[in-house]
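> structure, please.
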Amino acid sequence: MERLILNHIIEHLNVNNIIVDSQFGFMKKRSTTLQMLSNFNSWYDAILNNKIIDCIFIDIKSAFDSVP
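Predicted structure coming up:
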């Protein structure tokens, strides 16, 4: 039942173009490697055009261990 609902929601999101191209998490055929390549490409373009780059990296791997 969960899989059926999930598939219906994903189909709705795709048909209505709700998911943006920059979404990589929980998407088929979009790995963390592709995410990093996309980031590096954006950063490279910004550097070539003398733009400022702001980045925030957050490590949340154990954040959910403390949630009651």
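> any low-confidence regions in this structure?
66-68 (pLDDT under 70).
> in it, where's the longest helix?
Scanning the chain for the helix with the most residues, using DSSP state H, yields helix 32-48.
> how far does that one sit from its chain's centre?
13 Å (C-alpha atoms, centre = their mean, to the nearest Å).
> ok, which stretches of the chain are helices?
Taking DSSP H to define them, one finds helices in the chain at 2-15, 32-48.
> in CSV, list those along with distance to Asp54.
Any C-beta I mention is one placed from the backbone N, CA and C, and that applies to glycine too. CSV is the format used below for the helices of the chain (distance: least, C-beta to C-beta, whole Å):
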stretch, distance to Asp54
helix 2-15, 28
helix 32-48, 10
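> most tightly surrounded among these?
Highest mean neighbour count among these (mean count of other C-beta atoms under 10 Å): helix 32-48, with a mean of 11.
> contacts for it?
Ser22, Phe24, Ile52, Ile53 (C-beta atoms under 8 Å, 6 or more residues apart in numbering).
> kindly recompute the last result at 7 Å.
Phe24, Ile53 (C-beta atoms under 7 Å, 6 or more residues apart in numbering).
> now for Leu13: which residues touch it?
Ile19 are the contacts of Leu13 under C-beta under 7 Å, 6+ apart.
> count of neighbours near Cys55?
For Cys55, the count of nearby residues is 6 (other C-beta atoms under 10 Å).
> ok, the one 10 residues further on next?
When neighbours are defined as other C-beta under 10 Å, Asp65 has 6 of them.
> state the distance from it to Asn17.
For Asp65, the distance to Asn17 equals 36 Å [C-beta to C-beta, to the nearest Å].
> leaving out chain neighbours, which residue sits closest to Arg30?
Using C-beta to C-beta, 6 or more residues apart in numbering and skipping residues adjacent in sequence, the residue nearest Arg30 is Phe24, 4.4 Å away.
> show me the contacts for the one you found.
Contact partners of Phe24, counting by C-beta under 7 Å, 6+ apart, are Arg30, Leu34, Gln35.
> tell me how far the last one lies from Asn41.
Spelled out, that is Gln35. Relative to Asn41, and taking C-beta to C-beta, Gln35 is found at 11 Å.
> again, but for Lys51
According to C-beta to C-beta, Lys51 stands 14 Å off from Asn41.
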